[in-house]
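Undergrad: following is a predicted model, sequence given first.
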Amino acid sequence: MTRNWKLIIPTIFIALFFIQCKEKFPHGDPDNGGLFLPKGFEAEVVVDSLKGAARHLAVNSNGDIYVKTRIVKGHQGVIAALRDKDNDGKADRIEYFDDYPDNSSYGTGMRIYNGYLYFSSITTVYRQKLTDGDLVPDSKVETVLTDTQPPGQHDAKPIVFDGKGNMFIPFGASSDCCQVNDRVPFSPGQNPCPYLELRASIYRFDANKINQFQRDGYKYATGLRSVVAMAWDSASDHLYGVAHGRDYLHPDWPLYYSEWESAMLPSEEFLKLEDGSNAGWPYYYYDQMQGKLLLNPEYGGDGKKEGEGKKYQQPLIGFPGHFAPNDLLFYRGNQFPAHYKNGAFIAFHGSTSSAPYPQAGYAVCFVPFKNGEPSGPWEVFADGFAGMDTIVNTSDAKYRPMGLAVGPDGSLYVSDSEKGRIWRIMYRGDKNKFDSTNLEGMAYRKSHAPNLKTPDPIKDNLRKGGVPQVAATYTKYCAICHQANGLGNDRFPPLSGSEWVNGNKDSLINIVLLGLKGTVQVKGKTYDNNMPRLNMLTDEEIAEALTYIRQNFQNTSSTVSSDDVSKARLALDKREVKTKVISKK
Ligand code: HEC
């Protein structure tokens, strides 16, 4: 009897110890912070809204979280540091710090390496030594790398380390598809493309050296338009990236691509990048429906021609178009079921230019991996960020996933670019009973996945309820960028309440006839993008679109007639600016 007690008492203590440990691991929020997750997973909101909203994030070995935020007025600190003092999973100390010189809003990278916090603006990679135990470091900010080329498109600077002293940084292409006139209908591609020399590539640098320039680096991989999601997989010892594909297949090449093809294509390419890899931009793009690289229309393609596509790096997976992959993470933690071990999580920020089809891809997806290759089809892991089912306009989405990081206990952290929310995703089920094919609760996979293959229901759905006839031209030619609700998004300015829309008619007509480049101010916000000239539209079509935008989206200005357009066109022709309707043949 006494013997038994000698066994039972320690057993009780051990059991109590484990129960206590389990309680140290917080429960998810009752609604999982609005996310849909595979069965057994729970999510909690670590912080609801960070100033400036979130870009990428990193979690230190003590659980402290560092988030790169965007600049907002009257608030200088651009890194948010979060600490959970009482272990309930919620951040209860939030500090904003750092005032580095070039704090441009788009900078995005955030990684911890060798005791340093590495982060970036669009032109510069910085680092700051973390101080043991201190949430906010008090060390000097050092400049690791400066990109001296003028800022352009696709300039985000994500940061990757291989653990062997190297750092990988992409230099994005300052163009959509290297056209003579960027994003202008029917404009041919430059051949050879000059951006291939110093941009559209990933460079390798010394991870431990400061004050480096592009010329100090080694061009590791090229033919890449824009890579924001990038990671080193230590299991296979390789660099991987998910590249953003080009835009505007239909607006620029309406003869070869339908609106639906333009919303679905080209792929966002998941690439295994070797020393010397060339992914084919701007000459080739990947079509996930045909399963091959195809020649871009700027270089003679027509949606079918393969050209020499086989010579270039083939993607491991072609994700649907415009999903906007913005972070990649190989899961090495021990908390999740075996299915996830060494696999790749990808944060898709979601499309901005899929109209007249719904915007898509606002989710964190997962790709199982074995021996450095995908070992099964990709799956939606976390969904529900947008807070709605059919996302018509980018601005309708409540949250948009941006960055990924793993905490010391194997929890997965996800940041949001809209409100600055951070989620912590944990597995609380029985690991041995986990079934990755159980889709219970996975709203996205059930309701959206089939639509990715069948175009018409989406179109009919969106148009059901009847878009008024006068909206037709707007929907067809403008909504892809300015959105169906006229509110625009990060890249495209709003038409609602815009000074340009409600001001002088001739200047407005000229925007459509000539396009618009360089920085413009709309409602106090600066945009620096490129609106293609749409002079191939008839006078009637332009009048219809402009009347529509002047009398909708809460605008109440006068109509524009086809006479007004025809006069403006003539006046420009006299100034010898070619605005004739281009023959589409
Ligand atoms: C391919 C994307 C794209 C398409 C298609 C497009 N725009 Fe734009 N538009 C832009 C961008 C980008 C700007 C800002 C340009 C800049 O930053 O210099 C802009 C600016 C404008 C502006 C001035 C700024 C503002 O917000 O009021 C107006 C007006 C406008 N567009 C109207 C239209 C109309 C009307 C159509 C359809 C006939 C159209 N756009 C089609 C991308 C587009």
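TA: The structure has been received and is ready for your questions. Numbers count the residues shown, from 1 in each chain.

Undergrad: C-alpha from now on. contacts and neighbour counts both.
TA: Noted.

Undergrad: got any ranges where the stretch 151-300 of the chain has weak pLDDT?
TA: Across the stretch 151-300 of the chain, nothing is flagged by pLDDT under 70.

Undergrad: and what of the stretch 451-585 of the chain?
TA: Along the stretch 451-585 of the chain, segments meeting pLDDT under 70 span 451-470, 576-585.

Undergrad: that one: helices as residue ranges?
TA: Applying DSSP state H, counting those that start in this stretch to the stretch 451-585 of the chain gives helices spanning 455-463, 472-477, 479-482, 499-502, 505-514, 539-550, 562-574.

Undergrad: remind me which residues of the stretch 1-150 of the chain are low pLDDT?
TA: Residues of the stretch 1-150 of the chain that meet the criterion pLDDT under 70 lie in 1-24, 72-77, 99-107.

Undergrad: tell me which of the helices of the stretch 451-585 of the chain sits most buried.
TA: When you average the neighbours per residue for each of those (mean count of other Cα atoms under 10 Å), helix 479-482 leads with a mean of 24.

Undergrad: so does that one get close to the ligand?
TA: Yes. Counting by Cα under 6 Å from any ligand atom, the ligand is contacted by helix 479-482 at 480-481.

Undergrad: got the contact list for that helix?
TA: Contact partners of helix 479-482, identified using Cα atoms under 8 Å, 6 or more residues apart in numbering, comprise 352-356, 486, 488-489, 492-495.

Undergrad: which ones among these come in contact with the ligand?
TA: Residues of those in contact with the ligand (Cα under 6 Å from any ligand atom): 492-495.

Undergrad: for those residues, give me JSON lines that also has neighbour count.
TA: Shown next, in JSON lines, are these (neighbours: other Cα atoms under 10 Å):
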{"residue": "Phe492", "neighbour count": "20"}
{"residue": "Pro493", "neighbour count": "23"}
{"residue": "Pro494", "neighbour count": "22"}
{"residue": "Leu495", "neighbour count": "24"}
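
Undergrad: what's around Glu306, how many residues?
TA: For Glu306, the count of nearby residues is 16 (other Cα atoms under 10 Å).

Undergrad: and for it, nearest residue in space, chain neighbours not counted?
TA: Leu294 (4.5 Å; Cα to Cα, 6 or more residues apart in numbering).

Undergrad: what helix or strand is the one you found on?
TA: Using DSSP states H and E, Leu294 maps to strand 292-295.

Undergrad: quick one: strands adjacent to the helix or strand containing Tyr285?
TA: In the assignment (DSSP H and E), Tyr285 maps to strand 284-287. Sheet pairing of strand 284-287 (DSSP bridges) gives strand 292-295 (antiparallel).

Undergrad: who are the packing partners of the next helix or strand after the partner strand?
TA: Downstream of strand 292-295, the next assigned helix or strand under DSSP H and E is strand 317-319. Contacts defined by 3 or more Cα pairs under 8 Å, 6 or more residues apart in numbering; DSSP states H and E place strand 317-319 against strand 268-273.

Undergrad: list of residues touching the strand it packs on?
TA: Contact with strand 268-273 is made by 221, 238-245, 286, 313-325, as judged by Cα under 8 Å, 6+ apart.

Undergrad: skip ahead from that strand and say which helix or strand is next.
TA: Per DSSP H and E, the first helix or strand lying C-terminal to strand 268-273 is strand 277-278.

Undergrad: and the helices in the stretch 101-250 of the chain, which stretches?
TA: Using DSSP H, counting those that start in this stretch, the helices found in the stretch 101-250 of the chain span residues 195-198, 249-252.

Undergrad: quick check: phi and psi at Lys419.
TA: Backbone torsions for Lys419, taken as degrees, to the nearest 10, come to phi -120, psi -10.

Undergrad: buried subset of the contacts of strand 268-273?
TA: 221, 239-245, 286, 313-315, 317-325 (16 or more other Cα atoms under 10 Å).

Undergrad: so how far is Ala229 from the residue nearest to Asp247 when sequence neighbours are not counted?
TA: For Asp247, ignoring the flanking residues on the chain, the nearest one in space by Cα to Cα, 6+ apart is Asp176 at 6.6 Å. From Asp176 over to Ala229 the distance is 18 Å, taken as Cα to Cα, to the nearest Å.

Undergrad: centre of the chain to the strand holding Tyr285, how far?
TA: Distance of strand 284-287 from the chain centroid (Cα atoms, centre = their mean, to the nearest Å) equals 19 Å.

Undergrad: okay, now the residue of the stretch 351-500 of the chain found nearest the ligand: neighbour count?
TA: Closest to the ligand within the stretch 351-500 of the chain is Cys478: 3.5 Å, counting by Cα to the nearest ligand atom. Using other Cα under 10 Å, Cys478 has 21 other residues around it.

Undergrad: the one 10 residues further on now?
TA: Each residue near Gly488 was counted by other Cα under 10 Å, and the total is 21.

Undergrad: got a list of what the residue nearest to Glu306 touches?
TA: Counting by Cα under 8 Å, 6+ apart, Leu294 has contacts 284-287, 301, 303-307, 309.

Undergrad: recalculate using a threshold of 10 Å.
TA: Leu294 makes contacts with 266, 280, 283-287, 301-310, as judged by Cα atoms under 10 Å, 6 or more residues apart in numbering.

Undergrad: Asp182 now?
TA: Going by Cα under 10 Å, 6+ apart, Asp182 touches 174-176, 188-189, 252, 517, 530-532.

Undergrad: in PyMOL, select just the buried ones from these.
TA: To isolate the buried members of the contacts of Asp182 in PyMOL, using 16+ other Cα under 10 Å:
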select buried, resi 174+175+176+188+189+252+530+531+532
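
Undergrad: which of the contacts of Asp182 come close to the ligand?
TA: Within the set of these, contact with the ligand (Cα under 6 Å from any ligand atom) is found for 517, 530-532.

Undergrad: of those residues, which belong to strands?
TA: Taking DSSP state E as the definition of strands, those contribute 517, 530-531.

Undergrad: can I get these in a markdown table with distance to Gly33?
TA: Formatted as a markdown table, these follow (distance: Cα to Cα, whole Å):
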| residue | distance to Gly33 |
| --- | --- |
| Lys517 | 40 |
| Asn530 | 37 |
| Met531 | 37 |
